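Trainee: My questions are about this predicted structure, shown below with the sequence.
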Amino acid sequence: MALRAGGAAGRPALLLPLLLLPLLASLAAGAANGGSAEAAEAPGWRGEPGLNATVSTEVEFGVCTVTCGIGIREVLLTSGCPGTEAKCIVRVEECRGPVDCGWGTPISEGLACVKMPCIYIPPENRFKYVWKMLVLNKTAHILPNDSAIMEVCRDTHSVTFQCETQENGNIIASVKYTVYAKTEMQTKKSRRTETGQSRRTTTDAILVFCLATGIIVTVGVIFAVIFMILHWAAVKAIWKSKSGQDNQDKKLANKRSLCNME
């Protein structure tokens, strides 16, 4: 009987913690959810490590790496940075400019072939690339190439290509290239060669003229110095006679001025 009484009396003591466990668990979960919601709704909260979540922060955006198409920029924090830093980078994000990027510059351009890139940021397989051949007064011809870089060889006539970078069916960048014909490239190359040769010829002529003039002037000065050294007595006599003549002229002028005054 004593054992039964003791067991019956001990059951409420054992059941009480078991009943309280679910209640405590629900309260803990609610507190955790409430704390996270408050932290998420806090105006200055940031998830990055090292930043003070209790201090309200200000964000400043850096300059975009491109003026058209898609690029990247830095997001800077102007307050709440760790240590004594005035600004710190929070993250790097995408930035976009006007879709039309005009005429691009090929990666490589030779007399036979040309490599042309589309506009994108890594990873390049994230986007879809549509290459078109533009024909005057006609509908653009879509090419089967769908890569970010296309290589074409020159034909007998010039061709204009356009690459559209698409994301989720929307065009985010567009760039055009002109691939000149072989004959035009050869003509341009010959013109550049002729222009370079003519510039070199003109520069060489100017240098030769300056050098010859400098040599002539230097030789003349040397001969003049040598002549003065060899005929120093005669030069001295001529100088004295000239000085004496000047003195006489001054005396005569003074006498004439005195006579006029009298």
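Mentor: Nice, thanks for sending it over. Residues are numbered from 1 along each chain as shown.
Trainee: what residues does the helix or strand containing M150 touch?
Mentor: Following DSSP states H and E, one finds M150 within strand 149-153. With contacts defined as Cβ atoms under 8 Å, 6 or more residues apart in numbering, strand 149-153 is touched by 107, 112-118, 131, 143, 159, 161, 163, 179. Any C-beta I mention is one placed from the backbone N, CA and C, and that applies to glycine too.
Trainee: Grab the CA positions of that strand and hand them over as CSV.
Mentor: Output of strand 149-153 as CSV, limited to C-alpha atoms (Å, rounded to 0.1, in the frame of the first residue of the first chain):
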residue,chain,number,x,y,z
ILE,A,149,32.2,35.7,-79.0
MET,A,150,31.9,35.2,-82.7
GLU,A,151,34.7,35.0,-85.3
VAL,A,152,34.0,35.8,-88.9
CYS,A,153,36.3,35.9,-92.0
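Trainee: Can you tell me the strand partners of it and which way each runs?
Mentor: Paired neighbours of strand 149-153 in the sheet (DSSP bridges): strand 113-117 (antiparallel).
Trainee: What lies in contact with the strand it pairs with?
Mentor: 104, 106-109, 148-154, 161, 163, 177, 179.
Trainee: what do you get for stretch 66-77?
Mentor: Contacts for stretch 66-77 (Cβ under 8 Å, 6+ apart): 46, 51, 57-65, 87-102, 119-121, 165, 172-175.
Trainee: from the contacts of strand 113-117, which is closest to V235?
Mentor: E109 (70.0 Å; Cβ to Cβ).
Trainee: tell me the angle of the longest helix out of those in the chain relative to strand 113-117?
Mentor: The residue-count maximum for a helix in the chain (DSSP state H) belongs to helix 182-230. Put simply, helix 182-230 runs at 100 degrees to strand 113-117, going by axes from the mean of the first three to the mean of the last three Cα atoms, to 10 degrees.
Trainee: Now for R154, how many residues are close by?
Mentor: 20 (other Cβ atoms under 10 Å).
Trainee: again, but for G71
Mentor: 17.
Trainee: Let me know the pLDDT of the closest residue to it other than its chain neighbours.
Mentor: Spatially, and ignoring its direct neighbours in sequence, G71 is nearest to T65 (3.9 Å; Cβ to Cβ, 6 or more residues apart in numbering). Note for T65: predicted pLDDT of 92.
Trainee: helix/strand/coil for T65?
Mentor: Secondary structure, DSSP: H, G, I helix; E, B strand; the rest coil: T65 is coil.
Trainee: Report the separation between the residue lying closest to C64 once chain neighbours are set aside and C88.
Mentor: Nearest-residue entry for C64: C95, 3.9 Å, with adjacent residues in sequence omitted and distances by Cβ to Cβ, 6+ apart. According to Cβ to Cβ, to the nearest Å, C95 and C88 sit 19 Å apart.
Trainee: now T165
Mentor: In terms of Cβ to Cβ, T165 sits 32 Å off from C88.
Trainee: More neighbours: which of the two?
Mentor: T165 (25 against 16).
Trainee: quick one: which two of the contacts of strand 113-117 are the most distant?
Mentor: Top of the distance list for the contacts of strand 113-117 (Cβ to Cβ): A148 and R154, 21.4 Å.
Trainee: The contacts of stretch 66-77, buried ones only, as a ChimeraX selection?
Mentor: What follows is the ChimeraX syntax for the buried subset of the contacts of stretch 66-77, where burial is set by 16 or more other Cβ atoms under 10 Å:
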select :46,51,57,64,88,90,95,97,99,101,119,120,121,165,172,173,174,175
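Trainee: top of the contacts of strand 113-117 by neighbour count?
Mentor: C163 (26 neighbours).
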